[in-house]
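Turn this into a model:
(one chain, ligands or ions: 1)
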Amino acid sequence: MLLQEKIKNKISSTNDQLISFSEFMQMCLYDLDYGYYSSKKNQFGSKGDFYTAPLLGNLFSNLLVKQILDCFLEVDRNIIEIGSGNGQLAKDLIIELIKQNQDIKSYYIQEKSSTLREQQKIFLKNSLSKNQFDKVQWIDDFPNNFNGVIIANELFDAIPTNVYEASNYNIYERCVAFEKDKFLWRTRPCLLKFDYQLSLPPSKIIFEYSSLYREIIESFSKTQKSVFLIIDYGMEERQLFHPQRFDGTFRGFVNNRLTSDVLLNVGNQDITYHVNFTHLAFLTKQYDMNILGYTSQSHFLNNLGLDFINHQSSQDHYQQLSEINLLTSPSEMGELIKVMAIGNNNKMELSGFRNFDRTHLL
Ligand SMILES: C[S@@+](CC[C@H](N)C(=O)[O-])C[C@H]1O[C@@H](n2cnc3c(N)ncnc32)[C@H](O)[C@@H]1O
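Numbers count the residues shown, from 1 in each chain. Okay, the predicted model is just below:
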């Protein structure tokens, strides 16, 4: 209720009694007092609202270690993880690297939510040895002249986005109003100049577009030499703007269930959407960086070798089969999630994209 009041007041303070969806999403997820990711509720896993790949088991992180080791052939042994959630991926990556006698210099975490930052500190302190924990540092900005690997799993789909509606190439912005005690969609003329020519269909379509991606890609371009691994729900623009998705892709999650309306239940549900990888590819080129690969999560993990798994008991065996299924099945994360690697000051080949690279579709 308090967050509803806060958003309502923000809307009343504007001339047209509207706020962008990006402002609405920012407050719902990240308001310092009442935002979804600022609350003490458990957002992650079976007792939370949604699953991400690292929460299914350690298969995903073990395969990611293989890709990171590839990168270490060209860049320094430093890792930055952006948006670490409950810290599970950080823990699993560090433990697997140590298990393989692969030392790293630093593991940096950049996390927007101060509540999650505190939870990550407690979790990692309790799960890692002192030596391992001492390598982890929480940062606000990338270190100067950073040289290493940057990982973002399901970061971009949690970055606030604007929403637009186009019909016959006329574009309007879909904003949020508050009327008769509830939040509602309202349109206004689109004032934004998009970074590039969008490939819109003539038929009516609702789509997301986040101007905030630029900031992240720009800070990446200022690193000395690095590889950026982006893993996210999303697709290239031609697929994203398919008439099948005429209603946009934003959606809410509570208790591992899709909710009916992202404007309801403010601050108590996760809000997410599909990332436009063509937009990320455009920014990559604009900052003179290289796309090292783009493919589905399923192909990425298969390229890294799902076959090395060593089943220890039949219980582990079934657990792993179910994990593999969720990670790779086309109707689950396998096809819906894409992996994109960006190289800054390097053009190395990465084994995760050896087969079925789809960079040409971006
Ligand atoms: C959907 S969760 C994913 C968590 C984790 N990577 C995982 O796979 O389980 C999104 C995470 O990104 C964080 N986040 C969102 N925007 C951020 C930003 N600009 N900088 C750093 N962290 C951010 C959120 O607070 C949250 O921890």
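
contacts and neighbour counts: CA atoms only from here.
OK.

tell me what the helix or strand bottoming out on mean pLDDT in the chain is packed against?
When the helices and strands of the chain are compared on mean pLDDT, DSSP states H and E, helix 314-328 comes out lowest with a mean of 83. In terms of contacts (3 or more C-alpha pairs under 8 Å, 6 or more residues apart in numbering; DSSP states H and E), helix 314-328 is packed against helix 59-71, helix 297-304, helix 333-336.

if we go to 6 Å?
Under the contact criterion of 3 or more C-alpha pairs under 6 Å, 6 or more residues apart in numbering; DSSP states H and E, helix 314-328 touches helix 333-336.

tell me the mean pLDDT for the helix it packs on?
The average pLDDT within helix 333-336 is 95.

Please spell out which residues along that helix are buried.
By neighbour count on 16 or more other C-alpha atoms under 10 Å, the buried set for helix 333-336 is 333-336.

Nearest residue to residue 87 in space, please, no chain neighbours.
residue 120 (5.0 Å; C-alpha to C-alpha, 6 or more residues apart in numbering).

That neighbour belongs to a helix, doesn't it?
Yes. Assignment of residue 120 by DSSP: H, G, I helix; E, B strand; the rest coil places it within a helix.

As JSON lines, the buried residues of helix 333-336 with distance to the ligand would be great.
Output for these, formatted as JSON lines (distance: C-alpha to the nearest ligand atom, whole Å):
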{"residue": "333", "distance to the ligand": "12"}
{"residue": "334", "distance to the ligand": "15"}
{"residue": "335", "distance to the ligand": "16"}
{"residue": "336", "distance to the ligand": "15"}
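
Of those residues, which is the nearest to residue 66?
Nearest to residue 66, judged by C-alpha to C-alpha, of those is residue 334 at 18.3 Å.

Please report how far the residue of the chain most remote from its centre lies from residue 8.
The C-alpha centroid of the chain is most remote from residue 180, which lies 34.4 Å away (C-alpha atoms, centre = their mean). Computed with C-alpha to C-alpha, to the nearest Å, the distance linking residue 180 and residue 8 is 11 Å.

Residues that sit against both of these two, list them.
With C-alpha atoms under 6 Å, 6 or more residues apart in numbering applied, the contact sets of residue 180 and residue 8 do not overlap.

how many neighbours does the residue in the stretch 201-350 of the chain that the ligand sits nearest to have?
In the stretch 201-350 of the chain, no residue comes nearer to the ligand than residue 216, which is 7.5 Å away by C-alpha to the nearest ligand atom. In terms of burial, residue 216 registers 12 neighbours under the definition other C-alpha atoms under 10 Å.

Wait, a strand at it?
No. Assigned with three-state DSSP, residue 216 falls outside any strand and is helix.

Report pLDDT for it.
What the model reports as pLDDT for residue 216 is 96.

What of the one 5 residues further on?
As predicted, residue 221 sits at a pLDDT of 97.

so where's the protein shaky on pLDDT?
1, 307-315 (pLDDT under 70).

distance between the least confident helix or strand of the chain and the chain's centre?
For helix 314-328, the distance from its own C-alpha centre to the chain's C-alpha centre is 24 Å (C-alpha atoms, centre = their mean, to the nearest Å).
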